[in-house]
Structures are given as C-alpha cells and as structure tokens.
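Asks: the sequence and its predicted three-dimensional model are supplied below.
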Amino acid sequence: MADEPMQTEDTKLTRTKRKWAEEGRFLTGQISRPGPEDRLPPGQHLVKNWPVLDLGQQPEVSTAQWRLDVRGLVNNPLTLDWNGFLALPQAELRSDIHCVTTWSRYDNDWTGVSTRDFLAAVDPKPEATAVMLTSYDGYTTNLLLSDFAAEDAVIVHRWQGEPLTAEHGGPVRLVVPHLYFWKSAKWLKRIDFLSADSAGFWEKNGYHMRGDPWAEERYSED
Ligand SMILES: Nc1nc2c(c(=O)[nH]1)N[C@H]1C(S)=C(S)[C@@H](COP(=O)(O)O)O[C@H]1N2
Ligand SMILES: [Mo]
C-alpha cells in the first residue's frame, strides 16, 4: 500500500472505489470476459431488432412519478427521484444483450449510472452479498452483489442516445451484460441488499440462480 499513485481528483467516490480495490470487495464473482472469438455465447443467434419480453403488463411510469427505493444492508438507504438519479455520475457504456430465449443483440449504447458509482453512493455493509431487484410490474430478480457490481453493469435511462422507451423498461432499468437478460430488471422500483441470495420470479420458476450465458446457465438442474 506504500506506493499508491497520487490522484489529482480525490473525491469521495474515487476514495471509496480505491478502498474497495484494496479490499478486493465485489471482485469475487467469476465474470466471463470472452474474447472476440467467442463473443456470441453457445446456443445463441444474432438479431438486429430488439425484441420485447416481459410478463405482459407494461407499467406506465412517468419520470415525475418514478422513485427508486434502496433498502436493506446499506449504510445510506435512500429514495432517489428522477433529479436525484440524474445527479449521480453518468456513464456511457456499449454492451451486448443475451436473452435466454436464444437471441442476442450486439452493440447497445447505454447511458446511466454505473453500479460501481451507485454502490459508492449507498455504501453496502460488509454483510451484504446479494441484491433483490423489484420492478413496477411486480417482477423480481436476484443477483449476487459481485455480479451486480460488474464493471459494465449500469442502471440506464437512455438507449442509443434516446430515452429508454416504456416497452423496454423506461424510465429506468438495470443492464447486467455478462448474464442472461432476465437479470436486467425493467421498470426498476426497488433494490434490497441482502445477506443471502434468494430466488426472484423466474428463478423460482426454474431459471438458473445466476444465468451465465457462456456456461449456458439457462435452467436449474432440479
Ligand atoms: N420488470 C421486468 N423486467 C424484466 C422482465 C419482466 O417481465 N419484467 N423480463 C425479463 C426478461 S425475461 C428479458 S429477456 C428482458 C427483456 O427486455 P426487453 O423487453 O427490453 O428486450 O427483460 C427482463 N426484465
Ligand atoms: Mo428473457
């Protein structure tokens, strides 16, 4: 720790992230980082359009009505409204979508708050190891904290430069590119930080608890 490089911009965020790096926090999950030769996971085919998949009920949530509640094992539980969300650091990230129903879509440009910056704001307690996401349509899905904290995971409000449409989960959804897309909750409403991973909607209905596309973790064995 002696030869830490000097940082010109020593904000609370950079300090928090440096502390996490030193502790190795959130870096315990095995996140597949395929090379260009296996960019398309096994059993997937490419589409150019962007299919809509959900439980058949698409809630209309205006930006004025929208809130994100953050509860559970965090030092800073908060309720974000639209302006509070936009006031967090904004990132632009390009990633691929892999749906368990076998379609993949390359090169989606997202704008939103990276989960790393979000975690720096809510400051999870050391006991937190998983999150449960809850959406305005009643959907739930679970993630290990290490997967939620992946460096390309982002809570988005824009796609290809335009506001995220209601059918794709606007005003705000999660995107976790290294897992099947059912983990990427649309119409995000609430995030609970938990001490143990527990099954969300599809996970209770036979989908895999983790959903790594390169390992074809589509359905659970039992
Ligand atoms: N709130 C909510 N989020 C959801 C779903 C849902 O039904 N409700 N479906 C999931 C599934 S199975 C997929 S494949 C993707 C589809 O996102 P898209 O409609 O933008 O392609 O959203 C995921 N997130
Ligand atoms: Mo899906």
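Replies: Here it is on my side, so go on. Ligands and ions are numbered 1, 2, ... in the order given.
Asks: contacts for stretch 104-118?
Replies: The contact list for stretch 104-118 (CB atoms under 8 Å, 6 or more residues apart in numbering) reads 13, 17, 39-41, 44-50, 85, 88-98, 148-151, 153-161, 172, 174-175. For the C-beta atoms, the positions are set from N, CA and C on the backbone; glycine is no exception.
Asks: just the buried subset of these, written out for ChimeraX, thanks.
Replies: The ChimeraX selection below is limited to those of those classed as buried (16 or more other CB atoms under 10 Å):
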select :13,17,40,41,44,85,88,91,93,95,96,97,98,148,149,150,153,154,155,156,157,158,159,172,174,175
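Asks: from the contacts of stretch 104-118, which are also near ligand 1?
Replies: Among the contacts of stretch 104-118, the ones lying near ligand 1 by CB under 6 Å from any ligand atom are residue 50.
Asks: out of the contacts of stretch 104-118, which sit inside strands?
Replies: 45-46, 91-98, 154-159, 174-175 (DSSP state E).
Asks: and the lengthiest strand in the chain, average pLDDT?
Replies: When the chain is parsed with DSSP E, its longest strand is strand 103-114. Mean pLDDT, strand 103-114: 98.
Asks: mind listing what's buried along that strand?
Replies: Here strand 103-114 shows 103, 104, 105, 108, 110, 111, 112, 113, 114 as buried, counting by 16+ other CB under 10 Å.
Asks: just the CA atoms of stretch 125-140, as CSV, please.
Replies: Extracted C-alpha coordinates of stretch 125-140, given in CSV (Å, rounded to 0.1, in the frame of the first residue of the first chain):
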residue,chain,number,x,y,z
LYS,A,125,-22.5,-3.1,4.7
PRO,A,126,-19.9,-5.8,4.8
GLU,A,127,-22.6,-8.5,5.3
ALA,A,128,-24.3,-7.7,2.0
THR,A,129,-23.7,-10.4,-0.5
ALA,A,130,-26.7,-10.3,-2.8
VAL,A,131,-29.4,-8.0,-4.1
MET,A,132,-33.1,-8.4,-5.0
LEU,A,133,-34.5,-6.1,-7.7
THR,A,134,-38.2,-5.3,-7.6
SER,A,135,-40.0,-3.6,-10.6
TYR,A,136,-43.2,-1.6,-11.1
ASP,A,137,-44.8,-4.7,-12.8
GLY,A,138,-44.2,-6.8,-9.7
TYR,A,139,-41.3,-8.6,-11.3
THR,A,140,-38.4,-9.6,-9.1
